[in-house]
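Asks: Below is the sequence, then the predicted model.
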Amino acid sequence: MPTRVEISALREHIGSTVAVTGWVLTTRSSGKIAFVVVRDGSGYVQGVLARADVPPAVWERFATLTQETTVRLAGEVRADARSPGGVELAVRDLEVLGPSRDFPITPKEHGTAFLMEHRHLWLRSRRQVAIMKVRHEIIQGIRDFFHQRGFFLVDTPILTGSIGESGGSLFETEYFDLGKAYLAQTGQLYVEAACAALGKVYCFGPTFRAEKSKTRRHLTEFWMVEPEVAFATSDDNMRLQEDFVTSLVARVLDRRAEELKELERDTAKLASIVAPFPRLSYTEAVALLRAQGSAIEWGQDLGAEDETRIAEARDRPVFVYNYPRGAKAFYMKENPDDPRTVLCDDCLAPEGYGEIIGGSQREDDYDRLAARIREQGLPEDAYGWYLDLRKYGTFVHSGFGLGLERTVAWICGLQHIREAIAFPRMLYRLNP
RNA sequence: UCCCGAGUAGCUCAGUCGGUAGAGCAGCCGGCUGUUAACCGGCGGGUCGGGGGUUCGAGUCCCUCCUCGGGAGCCA
């Protein structure tokens, strides 16, 4: 029995007889010659069967192959320019490992509702495989980036008491005799605590927002990476962000060119993502928008249309920094040069992909932070431990959160964020 | 929550002026030695989202409910 080889390694076995196991994508037959394309996760390969060269039993078995049948093919690896990928398998033996009847996703078009209903099977399509490989690369890039820069990974809790950025959008659950627990919508407050212990830290995990958002940029469950750096200012923070984002884009361009091609991504638009990113203060942004005819007033948060307008004029992400305090979270540090604003930034991705990062320098003054908590009507006792961080050796520190799926959607050029995660959780989607 | 839009064959859709339902793909049968979403011929396939109404007659017009999609707000 020939040795089993992964499809991605076939190129190294030209001339020898090997076996491949995987799932059937398509079959085609011309009576005396037949083709079968197989996927094994590492890649795709076309098997060719000539009726004259295989035993009749093997030829008849080929006729039973349907979409997504699990097969084992054995034969000689050869280079052939006519074959997709340039390498093909001259099949001599074929074994059905698992039959597949009436696979719902045919090689024709389908609507998104149908595809989402069959997400567990949709994942097998070439496009979805490519997206998941890019997502994997980005995740690995995130971990490597921070590891190489001396950050420590700290895992923050998913079940929390009543603490978070804001009250309204938390998923609730019962927690034994302790009352209500909430699914974390950020790890930030915890990562700030860890920051005082380890200096440079990050958390990376799922977060939950019970917002009834129904747009192509929103999920109710999404992954977020949140670094936090001791003794870093808002300016240091933005520099870290642009190094981070450019490193991720460069890594995907370098290592996932094949997948980007499968996704028909215009890589020229990614190749232009280099530091530094343009910076625009909130006040400048408002002036710019008003000059373009927007009705935005100073003090209002930027709308989706405003963000698009700012970002679409540029070939790389843009920072909008120092928003009015009323538009932002309680923990952001007051801007000493203009107390109407806070030291923060949003990083807006090009091509209309919107905000991929929100970051800020944190309020490190005990009294000002306590006042902000009271001002926003947050349960003060729940924030006792968070205030402690300012009581015992307070320190300048900054951090940000990058939304993984938005980043994946942008780098892959996806129309909708739901394709950026294997099993998206949305307002009307809890299954599969 | 609000504003648009869509529900017809397994899938994607067409269906004119209100007159008993149609195509492509998928499936099945047959043909073809280099196919790339192969191609060619044939066959089977319908609670027109649910309910109510108008009408001699409703996929089509009206009311209502349901489901889904897109967008806004909010955010990553």
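Replies: Sure, I can see it.

Asks: Going by C-alpha atoms from here, please, whenever you check contacts or count neighbours.
Replies: OK.

Asks: and A:Ala349, bridged to which residues?
Replies: Beta-bridge pairing of A:Ala349 under DSSP bridges involves A:Gly354.

Asks: Look up phi and psi at A:Arg39.
Replies: Main-chain torsions, A:Arg39, degrees, to the nearest 10: phi -120, psi 140.

Asks: quick one, what contacts it?
Replies: A:Arg39 makes contact with A:7, A:22-25, A:45, according to CA atoms under 8 Å, 6 or more residues apart in numbering.

Asks: Which one of the residues you listed sits in the busiest neighbourhood?
Replies: Highest neighbour count within these, by other CA atoms under 10 Å: A:Trp23, with 27 neighbours.

Asks: A:Thr66 is in contact with that residue, correct?
Replies: No - with contact defined as CA atoms under 8 Å, A:Trp23 does not count as touching A:Thr66 (9.6 Å).

Asks: Point out the ones among the contacts of A:Arg39 that are inside helices.
Replies: Judged by DSSP state H, helices contain none of those.

Asks: Is A:Gly384 located within a strand, as I assumed?
Replies: No - for A:Gly384, which was evaluated using DSSP: H, G, I helix; E, B strand; the rest coil, the result is helix, with no strand membership.

Asks: picking up where we left off before, let me have the contacts of A:Arg39 in a markdown table, extended by pLDDT and distance to A:Ile296.
Replies: Converted to a markdown table, the contacts of A:Arg39 look like this (pLDDT from 0 to 100; distance: CA to CA, whole Å):
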| residue | pLDDT | distance to A:Ile296 |
| --- | --- | --- |
| A:Ile7 | 94 | 55 |
| A:Gly22 | 93 | 56 |
| A:Trp23 | 92 | 54 |
| A:Val24 | 91 | 55 |
| A:Leu25 | 89 | 52 |
| A:Val45 | 92 | 55 |
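
Asks: Check these and tell me the two furthest apart.
Replies: Largest separation among those by CA to CA: A:Ile7 and A:Leu25, giving 14.0 Å.

Asks: Which positions within stretch A:387-399 qualify as buried?
Replies: A:387, A:389-390, A:394-399 (16 or more other CA atoms under 10 Å).

Asks: Residues of the stretch 301-432 of chain A that sit close to RNA strand B?
Replies: Counting by CA under 7 Å from any atom of the strand, the stretch 301-432 of chain A comes close to RNA strand B at A:301-305, A:327-329, A:354-358, A:401-406, A:416, A:428-429.

Asks: still on that earlier bit, out of the contacts of A:Arg39, flag the one nearest to A:Leu343.
Replies: Using CA to CA, the contacts of A:Arg39 come closest to A:Leu343 at A:Ile7, 51.2 Å.

Asks: wait, what's in contact with the residue nearest to that closest one when sequence neighbours are not counted?
Replies: Closest residue to A:Ile7 in three dimensions, ignoring its sequence neighbours and counting by CA to CA, 6 or more residues apart in numbering: A:Gly43, at 5.4 Å. By CA under 8 Å, 6+ apart, A:Gly43 lies in contact with A:6-8.
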